[in-house]
Each structure stands twice: as structure tokens, then as C-alpha cells.
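Q: My questions concern the predicted model and sequence given below.
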Amino acid sequence: MNTAVKKKPMTWKKFKRFIPIYILMLPGLIYLFINNYMPLPGLTVAFKQYNAAKGIYGSPWVGFKNFTYLFTTNDAFVITRNTICYNLAFIVVNTVMAITVAIVLSELTGGIKKFYQSAILLPNLLSSVIIGYLVFAFFSVENGFVNNQILKLFGQDPIRWYSEPKYWPFILVFVSAWKTVGYNCIIYLATLMGFDKSYYESAQIDGATKLQQIRYITLPLLRPTIIMLTLMAIGRIFYSDFGLFYQVPMNQGALYPTTNTIDTYVYRGLLQLGNISMSAAAGVYQSIVGFILVLSANLIVRRIDKDSALF
Amino acid sequence: MKKKHLALLMAAAMAAATCMGAMSVSADDTKKVVMSFYTWTGAPADTQLVQDAINAITVDKLGIEVELQISDFASFQQNMTLALSGGEQVDIMANTAATYANFAQQGYLTDLNEDDLLTTYGQGIIDAVGEANVDACRIGGVLYGLPNNRDLAQGRGCAAIAKQYLDGIGYEVPEDEEIVKITLDELNDIYTQLHEAYPDKEVYRPTTTSMGQFNTFDQLGGNVFGVLLDGGAELKVENLFTSDPYKEYCERLYDYNQKGYISQDAATDTTAVGELVKAGTLMSYTTGGKPGIKAQETSLCGQEMVIFQTLDNYISSTSVASFPWTVPITTADASAAITVLNEFYTNPDMANLLAWGIEGTHYVIGEDGLATYPEGVDASNSGWNHSMGWLMPNQFLSYVWEGNDPDLWDQMREFNTSAIVSAASGFTFNSANVLNEVTAVQNIYNEYQTSVEYGFVDPATGIEEMNQRMMDAGLQNIIDEKQAQLDEWAAANGK
Amino acid sequence: MKTREDKIFNCIGHIFMILLTAMALIPIILMVISSLTDNNALIANGYSFLPEKWSTYAYEWVFSSSSSMVFKAYGISIILTAVGTTLSLAITTCLAYGLSKKDLPGKNVLTFLVFFTMLFNGGLVPTYINYTSVFHIKDTFWALLFPSLLMSAFNVLLMKSYFVTGVPDEILEAAYIDGATEFTTMWKIAIPLSKPILTTIAMFAGIAYWNDWNNGYIYLVKRTDLFSIQNLLNRLMQNIQALTQNASAMANAGEGLAQIPSATVRMAMAVLGVLPVVIIYPFIQKNFVKGITLGGVKG
């Protein structure tokens, strides 16, 4: 029925029906206009040599000069690799964790379920500075629990965690999962709660096991949500959680090979210079790459499963 | 039911917000000057009182009303960048060591020689700080800021050691000297004895500024990429990382580390050194020598500290222009701004108001002529206790605080004039042509700094590796650019 | 009727969740214990679950150094979170509902415009200029409420996708044919069917408002009395950092500085930021779900 309607040319009568909908949407659209679109021309500062006396719009154009620092460095490869690899790891690990927890929670019964759910949400309320110190409490060389209790227990020598880059991909992926699993699982849990229970009832009558139900009913039903969240994450694949990569490794130089990302590189490089144009350039670069990636990914999704595509 | 609740809540919130948003508007015709500076903790509780007291002087005398806009140090740079970009009125602005050159180069500041602004309205300022120091604030020949009177020199190569441990090893501390001059070998010797007597305690804790403190090279333009060795005796820009002093410093720290003087967590732990001493885990750390330093470190560590100095007192090229007072381009009236500044530089009443607050309320003058807290007031409950005297335009006009030598300001003048001055004093580096290189090299330096300079890696290999990567990232370009600008500056200034 | 398989699944599920809960709570317990440790003991021995010496001094210091502000800041945080969450939920739902209409003219363009804001923004300086010189929200309560937090494109798209999959078009169409207006269809049918996503989005918006300190940091320069609790704690933390790191640049500061329990106070402030949420959250969660259900059913 819907496809039939779509094919017909829009008549005034049809359009009139949607007027209340447009009115409903208006506050949100106005907000987006004010908050996001009005300042948008300011992005042009990335292509200018900013001069306060002339303002953003009066400053002279310099083309792509402000972008060059992102590519002329030998670290360009490292920071790009780190940013992308961590994001891919986060997408996979955090999604799998969130779905697992959501499914388990949805199957459990009793009041304790609410307790679990609230408890795993708590880490999300902590700032990355605090998380940095808590991580330090575990990995400090002289007083840390890992060196003093765990490694000692197994008769291992203490490890200088903050000078050994090789451990940090695991620590950071773990911290990220620890911090976000409670938050991310809520989305999946909400989606699960919206499912039609009759699917499961008939499956039970047919004698399907729990795992079979998850495999053949739950996961396919979650698919649109998984695809959408992944698409959104791909859009931000050139961005990184600054706090996670700066505060949590305590800004340790020795760890840069595995903790320096585009955002931390830009921050460290520009902190002394305070250059508005160069930091804007970094943002434009990150956004445009993300934009191209997400449009491509969306195109592929549209080919395979039109309903799951973002637009 | 629910909707009613929400409606009530919203109404309450909006009413509250409207009340909060209401602003006081002054109706008179006097000019208003907005003065922005920072303290470590933001606007003190009695800012309004002090502002009123300042206005009691300026409105009658100058016909100008001053509004104090005080931020905390951590957010000052961002607040100011935003306010100035947004065209908000700021007439007088303080600077941090990081902001002055950046603000000037990005066009935020007024040229103070334009229309003879300074000579017409600010002659008193020139007299108070001296023509030479004013000129030291020029950037590319243009004067954007005015220096303040404070400790311009810095005693290099200073270490503070807690006295209780010196007593423990039987070291005789000279009683009458505030700063004990010794050689580096003697200092190392003390550390050896300390470590033997107190093997469980950390002997020495380096910080990120320690390397600069224990050397006398001149960091041109606030970064160590291209420096003048030997305190800038010669105007020759050199690579610090291939120099002997740098190598010797790193070797010394590596040696400390091998001997177990330094905590394995030194690079990661952000606890301030003063607190480590207070907690009884640390015995010594680096500090900068100046008159009054012993009293300062002693109160910081909660126990008597002894200050040792191994190098000379030194004024670097950027020292004078570290905290200049400036007039941003968003000023409503630059002449009024300079007029008010002139008053702060020359009128002791104004200087005391800024430094110590209102007499009788925030401080009283004792019989010895020193300022102290009134009855019932202390550091924790005083409404104006910012300890930013060194930032204020003319600290030398204000009272000396109790616990210091009554002639502290004279000592400080003497300290400044007797110190070794860099030949490049007054030179400001403009990094615009080498921004890409600076960002890249800065990242590499951050990566290696703590491991090399805290002695966690062998300097024989570590320095070479760091230097090679910096060279690949364009360190030589920065050095060449600095040399070119320095030559140009020297030619223009007849050096 | 529970099968054996169900029981095993349940058992494994509980073990799994207990492990996760422990992992989430242990560092937080450490945080609470650290905040109650003596500062010198913490510096000397490092973080510990069984400190050598206990002390409530960190809390005493926070309350005595900014006594009047702490409670006011809690008040502002609570009002801000309540108002912000309500407004945010309302406009997010309305926009998402519109975007979920399959045959709405211009739907794809609008969805794209919403999505676009997730990737591109004008940057800090242009946004600041826009809000301060066009809308004059600097140093007002609105500065905490409006910039960037009021509606997130992420939430809109999330909700839109839920409406598309979770609220069958046929039911809405049937109601419409029965003569209901678009508005009542949404209010009486779509909303009650979308309870899970509404609570989710409300929670996301609530967390965002409660955790935010950036808006206050940027827009509240003179009116620090309008600080939310996160602003206040964040500022205290930064100031302590600045104070201790720059200690040698100061004269006469020693006596004030020497009293700050800098290591434990950090943890105490984190506890103060999270504590009210832990106390109020279960209560809100319960009533919030009820509220939405009532709203939907009774209209």
C-alpha cells in the first residue's frame, strides 16, 4: 500500500494531512538550525589565516595550508592507524558486549536484574580524569594492584606498564568496554523489549532451544539497530574519545606509539600555538573522511537491505 | 497529574532563570574599562568590594569606572579567545606565558605606540618599569604589551632539600644564607649520603621543567627547538639535543635512576613535589631561586627546606615579556585603558587594592610595616587572597607580606639587575612559517621527554633516537627560521 | 514451566552479570575508599582497599572551601537535568516521529540534514559567537540548557528507527482512517508503544545534562554562581591542579595550599558527582516509566 502511495504525485489534499507532522517537527528543526547550521559557515576558518581584527569572514583565504600539518609529519601514519584500528576494535567489541549483555538481561527475571543494569551503567558517570587515576591505581609500577598482588601471586616480575606501549591496546579496549557497556546495552535492551513476544512463544512450541531462539529470532530482529549504530560509528571513525586516549594513559610519552590518535596529536601540537584555523582544519578533515565513509557504507547497506539504511 | 508536575517544574525553572539572568546596569556617564586577569582559583569572594574601592579612586580622579573580570588560570586562555573573537568589550588584559605572542600574532592586541597612546597616557608606566623592559615586549618591532615589575631573573640549578634529612646525615646547613651556593658534585654527594641514610625514600623527583632549570640555555620563543647555549652569550641558535649540557644532564638523571634515587612512577604520578615531601616520601626536588624562595618552599612543604644553587641567576629572552598587560582590539577606548593601567603602575593605593585587597578587611599593617591578616581572617576565609602579586602591574609599590624580609622588593630589584641577561633579551619568535614542523617536533618531544630527561632510558641511545626523529620532522627548519629571525632582530636593534 | 535448559541459561546469565557488576563496582568502591583515605597515606602507599589511615578531611575541605556553592550547584544540576531532559525528550520525539513517516514529503532530505549535524559543526568559536552575540545566553541559565545538549541527532535517529520497526504503520493508518488526527495518533498509539525507547532517550539526555560541564565552562564566565555541580567540581579540580603544579610561581600561597588534600579530594569530588544519581536514579526510573504509561493511556 505504501509503495502505491509513493508513486502517485503529491496532491494538496495528501500534503495537507502532513501539516501537523511538520508542525511537530518544527521545534527540533529550528533547534538544529540554530545550534548546528547557523555556526556552520564558521568552518571556512579552516581555509583561512585567522586574524582577529578581520574576523572569521574577513580573514584572507589560504587554501589547504592549514591542513598540511596533518600530513607532512612522519606520525601521520601512526595516528591515523591508531584512530581507525581502535575505532574498529571498539565497534566490534563494544557491540558484541552490549548485545550479549542486553540479551542476557532480557532473559533474566527478578529484582536483581535492575541492580545489574544500574551498576554497569555507573562507570559511564565518571570523568576520564578519574578513570585515569583508577587505572593508575591498578597499573602503578610501585604501588599498583596488578604488580603488587596479581603478578606477585604468580611469581612474575613487576611490569612498567606506563612505559610499555604493547599492553595499551588491550587496556584501552577494556576500559572503553568497561565504561560504555552499560550505556550501549540500553539501546539494544529497549529494542528487545519492543519485540513481538509471539515469535518466541511459537518458537518454544516448536521446541526451539534458547540459543536457537537467540540465533534465529533475536539477532535478525536486532539487525536494523546494529546496522544503524555501526553506520553512525563509521561516520565518526576518524574521531577519538580524547579523554580515553589522553587522560587514561596519563599523557605518557612512552605510550604514544599505541595511544596517539588524531585528536591527541592535534591537541598536543596546538596547545602552545592556540591556532584556531589549524584546529578547525583537523575537524574538517575528520568529518569529511567520516562523511565519505558513511555515505559509501550506507550505499552498500541500501543495496542489501533497504530498510536498514540510514537514509 | 504528571503533566501538571512538569508544567510547575518548568515554570519554576524559568522564573529562577529569569531572576538569575537579570543584570545590574549602571546609568552614569563615566567611561567603563573592563579589566581581565586570572587567579589560580577564579574571582575571589570579595571581588565586588575591591572593585568598588578601586572605583572610589578612579571615578573621581580619572572619570573612569573599572570592572574586574577575573577567570581562573585553567580557563583564562579559552575564555579570552572566545570573548575577543566574539567582540566582547575587554580593555585591559593580563597574559600567561603562552598567550602573549599568540594573541599578538593572531591580531587580538592593540599597538600601544599607535597615536602615541603610551607616551601620552602612560608615561608613568615607562618610568616605573624602565624603557629597556618596555622595549623587550616588542614583537616584530611593535609594542603590544607592557611588562610588569616582578622577579625577572631566575636562580638556575636550584634544588630544595628538606632540612630534617640533611640533619640526619649530619650536613651543616649555613644558618645565615637563604640560598646555599654549592657545586653539582657537592649536590650529588649529598644525594649519595641521603640515599644511604634513607634507602626507602625517594631522593629526587624530576618534573618537566627540571631540565630547563638545571641549564642556562635560552629557550627562544618558549620552546626548546633551537636554543642559545651558554645563556645566550652569542646569538647563535643551536640544537639543544646534540649539545653537551643536555647530554650531561640526561646522563646525571640516568645515573640517579640507576642508583634508585627516582621513583619508578615519577613520569606517571602527577602529585606535586611539595606534597610528596609533606607525605614523607620525597627528600629533594628542583625549584627556581629568588629572594623569598626559602620561606615559600618551607610553607609549601610544611617543614623547613634548604635551597641549594649550582648555577647563576639568569634572565632569559622571554622572561621580561612573560606576563605583559595588553589592550585587546575589542577595547572601547584605548586611551582610557592606558590611563587606568598608568594608575595601577604608579599609585600605591591602587597597587595594594589589587594585591592585598582592602585595608582593615583583607589585611592590616603591623608595627613592622608588613601586611598581615586582620583578627579572625586567614588564608582559608579571606575574601581577597589570590597570591598573584607577581602578575600585578607593579608589585614593588605594594606592601610586603609578613614572613618575608621587609626590604624584599629592594632585594628583588637587586636580584634582577645583578643577574646575567641573555643577549637575545626582548626577542620574540614568530612561528607562523614553521607551524607544521613545530606541531610535529612538539609531539616527538612529548613522546621522549619523560623517558630521556627523567633518566628512564640510556641517554647514549635515547637522545640520538629522539634527535633523529626530530630532524626527520624538520627540527633544522625551526632552528634556521629562529636564526633568520634572530639575525633580523639583531640588525634592527643594533646588537 | 521452566525447562532444564532455561535453568542453565539463567544460572550462566546470573554468573555473567555478577562478574560484570563486580568489574563495574570494584573500581568505584576503590574510588569511594580513596576519598575516605588520609591524603598523606594515599600519597605514600598508593591507592588501597584497606588504607592505613582513614579520613573524611577531603569532604570537609570541599564543603568548607565552597560551602554555600555545593548545595546551590546541586539544585541547579537537578533543575537543569529535569528541565533539559523533559524538553529534550519532547522535541526529539516529535522530530523522530515525523521522520519515521514513510511517505512524508521531504523525509529523506530532512533525515539527511539531521544526520549531517552528527558529523559537521561550525566549531567552538563560531558556535560561541552565535550563542552570545545573536542569542545573548552568556552568563544566563540558558547557557547550560541550550548549546549542543538540547537535542542530539544520534537520539533522533535512534528513536526514528524504533518508530519505524516497533510501531507498525498499519495500526497508525487504521487510527487515522477512524478519524483520529495525526497528533492524537501519535500521542495515543505511537507513544505508548514506544515506552522502552522513550525511557532510553530520557536516560541518555539525563546523563548528558547531569555530566556536562563544558557549557558552563564556556558560557558562564562572570556568573559562576550559576554553576552546576559538575562545573563546580570540575573547576575545583582544575584549580587544585593549577595551584599545586604552579606552586613555585607563588608567594604567600603556601599556607592555603598546604591544606588541600589534593589526591583524595579528586576522588571525593567524583563521589559527590555520582552520589545523587545513585540515590535518586532508582526512584526516578520507577516513576518515569509509570508517568509515560499514564500519559499515554489517559492522554
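A: Done, it's in.
Q: what does the stretch 51-200 of chain B put close to chain C?
A: Within the stretch 51-200 of chain B, the residues that sit near chain C (C-beta under 8 Å from any C-beta of the partner chain) are B:69, B:71-75, B:78-79, B:81-83, B:85-88. C-beta coordinates here come from the backbone N, C-alpha and C atoms, glycine included.
Q: can you do 6 Å?
A: Taking C-beta under 6 Å from any C-beta of the partner chain as the test, the list of the stretch 51-200 of chain B residues beside chain C reads B:Asp72, B:Phe73, B:Ala74, B:Asn79, B:Leu82, B:Ser85, B:Gly86.
Q: tell me the contacts of the fourth one?
A: Listed by C-beta atoms under 6 Å, 6 or more residues apart in numbering or on different chains, the contact set of B:Asn79 reads B:Ser71, C:Val221.
Q: Where does it sit, in terms of helix or strand?
A: Under the assignment given by DSSP states H and E, the secondary-structure element containing B:Asn79 is helix B:73-85.
Q: any idea of the mean pLDDT for that helix?
A: With pLDDT averaged residue by residue, helix B:73-85 scores 89.
Q: Put the alpha carbons of that helix into PDB.
A: What follows is helix B:73-85 as a C-alpha-only set of coordinates in PDB (Å, rounded to 0.1, in the frame of the first residue of the first chain):
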ATOM      1  CA  PHE B  73      44.000  30.200  35.300                       C
ATOM      2  CA  ALA B  74      42.900  26.900  33.700                       C
ATOM      3  CA  SER B  75      40.200  28.500  31.600                       C
ATOM      4  CA  PHE B  76      41.600  32.000  31.000                       C
ATOM      5  CA  GLN B  77      43.100  31.400  27.600                       C
ATOM      6  CA  GLN B  78      39.900  29.900  26.300                       C
ATOM      7  CA  ASN B  79      37.700  32.500  27.900                       C
ATOM      8  CA  MET B  80      39.700  35.300  26.400                       C
ATOM      9  CA  THR B  81      40.000  33.700  22.900                       C
ATOM     10  CA  LEU B  82      36.200  33.400  22.800                       C
ATOM     11  CA  ALA B  83      35.400  36.800  24.300                       C
ATOM     12  CA  LEU B  84      37.800  38.600  21.900                       C
ATOM     13  CA  SER B  85      36.600  36.600  18.900                       C
END
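Q: Next, see if the helix or strand that comes right after it gets close to chain A.
A: Using DSSP H and E, the helix or strand that follows helix B:73-85 towards the C-terminus is strand B:92-93. No. Strand B:92-93 is not in contact with chain A by C-beta under 6 Å from any C-beta; minimum separation 12.4 Å.
Q: just how off-centre is strand B:92-93 within its chain?
A: Strand B:92-93 has its C-alpha centroid displaced from the chain centroid by 17 Å (C-alpha atoms, centre = their mean, to the nearest Å).
Q: After it, which helix or strand is next? Please name it.
A: Read in the C-terminal direction, the helix or strand following strand B:92-93 is helix B:99-105, with elements assigned using DSSP H and E.
Q: Remind me what the helix or strand that that following helix is followed by packs against, helices and strands.
A: Downstream of helix B:99-105, the first helix or strand assigned by DSSP H and E is helix B:117-121. Contacts defined by 3 or more C-beta pairs under 6 Å, 6 or more residues apart in numbering or on different chains; DSSP states H and E place helix B:117-121 against helix B:334-346.
Q: Report the angle between the next helix or strand after the helix it packs on and helix B:334-346.
A: Past helix B:334-346, heading to the C-terminal end, the next element that is a helix or strand (DSSP H and E) is helix B:348-356. When axes from the mean of the first three to the mean of the last three C-alpha atoms, to 10 degrees is applied, the directions of helix B:348-356 and helix B:334-346 differ by 80 degrees.
Q: Please list the residues of chain A that sit near chain B.
A: Counting by C-beta under 6 Å from any C-beta, the residues of chain A close to chain B are A:51-53, A:68-69, A:72-74, A:140-142, A:162, A:250, A:253-254, A:256, A:265, A:268-269, A:274.
Q: Filter the residues you listed down to the ones in helices?
A: Within these, membership in helices is found for A:Tyr69, A:Thr72, A:Tyr256, A:Tyr265, A:Arg268, A:Gly269, as judged by DSSP state H.
Q: Of those, just say which sits nearest to A:Ser296.
A: For these, the residue nearest A:Ser296 by C-beta to C-beta is A:Tyr265; the value is 25.4 Å.
Q: where along the stretch 151-300 of chain A do the helices fall?
A: A:151-153, A:168-193, A:198-205, A:210-213, A:219-235, A:242-246, A:256-259, A:262-270, A:276-304 (DSSP state H, counting those that start in this stretch).
Q: Return the set of buried residues in the fourth one.
A: Neighbour counts using 16 or more other C-beta atoms under 10 Å in any protein chain shown place A:Lys210, A:Gln213 of helix A:210-213 among the buried residues.
Q: What helices and strands are in contact with it?
A: Using 3+ C-beta pairs under 6 Å, 6+ apart, no helix or strand is in contact with helix A:210-213.
Q: Going by neighbour count, which of the ones in helices among the residues of chain A next to chain B are buried?
A: Neighbour-count burial (16+ other C-beta under 10 Å) applied to these gives A:Tyr69, A:Tyr256, A:Tyr265, A:Arg268, A:Gly269.
Q: coming back round to it: of all the residues of the stretch 51-200 of chain B next to chain C, which two lie farthest apart?
A: Looking at these by C-beta to C-beta, the two members farthest from one another are B:Phe73 and B:Gly86, with 21.0 Å of separation.
Q: and these two? which has more neighbours close in?
A: B:Phe73 (23 against 18; other C-beta atoms under 10 Å in any protein chain shown).
Q: Under the pLDDT cut-off, which ranges of the chain? List them.
A: Because you didn't say which chain, this covers chain A. A:1-10 (pLDDT under 70).
Q: The intended chain is chain C.
A: Counting by pLDDT under 70, chain C contains low-confidence residues at C:1-2, C:66-67, C:245-259, C:288-299.
Q: what does the stretch 1-150 of chain C have sitting close to chain A?
A: C:5, C:9, C:13, C:16-17, C:20-21, C:24-25, C:27-28, C:46-47, C:91, C:94-95, C:98, C:102-105, C:108, C:111-112, C:117, C:119-123, C:125-127, C:130, C:150.
Q: among those residues, which are in reach of chain B?
A: Checking these against chain B by C-beta under 6 Å from any C-beta, the ones in range are C:Val125.
Q: Give me the residue at the spatial middle of the chain.
A: Since no chain was named, I'll use chain A. The centroid of chain A falls nearest to A:Ala233 when counting by C-alpha atoms, centre = their mean (4.9 Å).
Q: looking at chain C here, not the other one
A: Taking C-alpha atoms, centre = their mean as the criterion, C:Ile207 is the residue nearest the geometric centre of chain C, at 1.6 Å.
Q: Which element, helix or strand, includes it?
A: Element membership of C:Ile207, judged by DSSP H and E, is helix C:195-211.
Q: and that helix, how far out from the chain's middle?
A: The offset between the C-alpha centroid of helix C:195-211 and the centroid of the whole chain comes to 8 Å, using C-alpha atoms, centre = their mean.
Q: Is chain A within reach of it?
A: Yes. Using C-beta under 6 Å from any C-beta as the criterion, contacts between helix C:195-211 and chain A involve C:Pro196, C:Ile197, C:Thr200.
Q: who wins for neighbours among those residues?
A: Across these, neighbour numbers were computed from other C-beta under 10 Å; C:Ile197 holds the maximum, 26 neighbours.
Q: ok, the closest residue to chain C within the stretch 51-200 of chain B to B:Thr268 distance?
A: Per C-beta to the nearest C-beta, the residue of the stretch 51-200 of chain B with the smallest distance to chain C is B:Ala74, at 3.9 Å. Using C-beta to C-beta, to the nearest Å, we find B:Ala74 at a distance of 21 Å from B:Thr268.
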